[in-house]
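Visitor: Structure here, sequence nowhere to be found:
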């Protein structure tokens, strides 16, 4: 999407908000995607070749260590071969000192579509606090219908030498989260980015209902309840989430139906569990439709 | 399957495609059969409720179409160079044809699409991919006279099949790496004689079918499920794991026979280095299977105590038990049959 008037962007962790502008290019209602970010890529200036070589050499040592560990794991070949009912394995927590680098915070203001603000910090209780303010005001340019959202998302998990990889959660069937919210409903996003452009925006959603108040709540959500959507549109043809292809994990909050205002979600940990009494494979029934007609 | 007319159509055309390939007497006819096979196999892959099946069929189409294109162009080049005759000696063009055919069958070093693709298939489709889809490319490889590339492919296939399967927990990926390993053995049997290849292929298809049949009945996709699923019937558990070991080539079972034949023939051709390498990597595969079976036989996991989901009726059970019988005692039965000749 080309647009007029873009402010100069500087390197660094905080980018100034892009000035809002009117969209001038046509909207493409196609499935084809040119790039993974679908037009929402922030163009940062590329570092010089010398800088890239120095960075590469510096990273080489760590990548070699990671690779040696992977080879050792492959030959040790000791995968966990049983389901462990009732044990929660924590995947994301906020204990390590550099953990905030693993999360990316985005709002609608990043690309000039709104005025929301959000930040992810470590709270006093040692948990991650995702807080800010969602605002559904926007310039009425005819392209944007509604706005006012903020998201956090983990960075893509990688193997050695920056190869992209996926999480393997096949031996679990529940997502367990210890959170303390403010009463809002947040959206949990499981990104299962596929190989082809049609599947680049495959995200499985479910709602996290928070209670507000000073007490922590432990939300246990089975993976069978997640529904598939792509770029925000819930898909007609649904299927269970592919647990061996999860690429990112994130939360979203929106100013839906006039719920503008401040929000805060404190996350202590996100973990996985296997519950043998939960036998549901997928919560949404797909009826047999005539051939070549997606669910009517 | 027989209630679905599209499946009948596509399966028939898939079989016809392979038959065209193996009965053709020119490279063009062979390519035609491969294309027909490909085009009819893809609707079979993408015809289920799983959302990954479209991705799997797309990946299959892209790799196989690339291989077919290269095959067509290099076979035309072959004809042009040899005045419209087939050629006898090794040449660069034959090597290109060989590479295209190795890509089609999923041999290393062209195997990268194979395990990834198997993740998105149902068990019956996976069985088709592992067994029937290998016939045509392997027959065509037997018409070529390249020693070096075939040897490289054999060595890489057995090693990658062994090492790749080491840390896998997904059953489909495990079967894919086992298939790559067996493909290495089949390619080496092609160097010896076609009858040995046929025997190896038939036995491998039979064993794959038995295992896949069991996995399909119990809807097993993950190694974790193997341990906790059979708390009710010990016979099924034992038979499943003995079939596993049979596929790995452990001696008292049927799976050892084809390997035995290949080992004997290779020794008679003095191919000791190749043979040692192949046996060592098969031992690695067997090590992994044996470890799973050892854990499964010795330990019981009663925490996951629920009702098994299965569609096991009397037809299924009879067929499965007969096949298991042959898989476990087949080696002795075949030697009896040999003495009856």
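Guide: The structure has been received and is ready for your questions. Since the structure is predicted, the reported quantities are computational estimates derived from the model, not experimental observations. Residues are numbered from 1 along each chain as shown, chains lettered A, B, ... in the order given.
Visitor: could you pull out the strands for the stretch 51-200 of chain A?
Guide: Ranges of strands in the stretch 51-200 of chain A, per DSSP state E, counting those that start in this stretch, are A:89-93, A:103-107, A:117-122, A:128-134, A:149-154, A:174-180, A:185-191.
Visitor: Including mean neighbour count, could those go into CSV?
Guide: C-beta coordinates here come from the backbone N, C-alpha and C atoms, glycine included. Shown next, in CSV, are the strands of the stretch 51-200 of chain A (neighbours: other C-beta atoms under 10 Å in any protein chain shown):
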stretch, mean neighbour count
strand A:89-93, 15
strand A:103-107, 19
strand A:117-122, 16
strand A:128-134, 21
strand A:149-154, 22
strand A:174-180, 20
strand A:185-191, 20
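Visitor: And the lowest mean pLDDT element among the helices and strands of the chain?
Guide: Here I'm looking at chain A. strand A:233-234 (a mean of 90; mean pLDDT, DSSP states H and E).
Visitor: The intended chain is chain B.
Guide: Result, chain B / mean pLDDT, DSSP H and E: helix B:223-228, a mean of 81.
Visitor: Contacts made by that one with the rest, please.
Guide: Applying C-beta atoms under 8 Å, 6 or more residues apart in numbering or on different chains, the contact partners of helix B:223-228 are A:79-83, A:170-171, B:168-171, B:174, B:218, B:220, B:240, B:292, B:295-296, B:299, B:301, B:303-304.
Visitor: Recalculate using a threshold of 7 Å.
Guide: For helix B:223-228, contacts defined as C-beta atoms under 7 Å, 6 or more residues apart in numbering or on different chains pick out A:81-83, A:171, B:169, B:171, B:220, B:292, B:295-296, B:301, B:304.
Visitor: Which one of the residues you listed is nearest to residue A:34?
Guide: Lowest distance from residue A:34 to these (C-beta to C-beta) belongs to residue B:169, with 36.1 Å.
Visitor: Can you read off the pLDDT for that closest one?
Guide: For residue B:169, the pLDDT comes out at 88.
Visitor: Need the phi and psi values for it.
Guide: phi -110, psi -10 (degrees, to the nearest 10).
Visitor: ok now do it, which residues does it touch?
Guide: A:79, B:222-224.
Visitor: what's the burial count for residue A:88?
Guide: 18 (other C-beta atoms under 10 Å in any protein chain shown).
Visitor: Ramachandran coordinates for the closest residue to chain B within the stretch 151-296 of chain A?
Guide: Nearest residue of the stretch 151-296 of chain A to chain B, counting by C-beta to the nearest C-beta: residue A:239, 3.8 Å away. Main-chain dihedrals, residue A:239, degrees, to the nearest 10: phi -150, psi 170.
Visitor: Please apply the same query to residue B:70.
Guide: phi -60, psi -40.
Visitor: Tell me which residues touch it, please.
Guide: Neighbouring residues of residue B:70 by C-beta under 7 Å, 6+ apart: B:96, B:100.
Visitor: Do I have it right that residue B:192 meets residue B:265?
Guide: Yes. Using C-beta atoms under 7 Å, residue B:192 makes contact with residue B:265 at a distance of 4.4 Å.
Visitor: Look at residue A:27 and give its secondary structure.
Guide: At residue A:27, secondary structure determined by DSSP: H, G, I helix; E, B strand; the rest coil is coil.
Visitor: Show the contacting residues for it.
Guide: Counting by C-beta under 7 Å, 6+ apart, residue A:27 touches residue A:143.
Visitor: circling back: quick check: what element follows the least confident helix or strand of chain A along the chain?
Guide: As assigned by DSSP states H and E, the chain's next helix or strand after strand A:233-234 is strand A:248-254.
Visitor: Return the distance of residue B:157 relative to chain A.
Guide: Applying C-beta to the nearest C-beta, to the nearest Å, the value for residue B:157 to chain A is 18 Å.
Visitor: My reading is that that residue is in a helix; is that accurate?
Guide: Yes. Assigned with three-state DSSP, residue B:157 falls within a helix.
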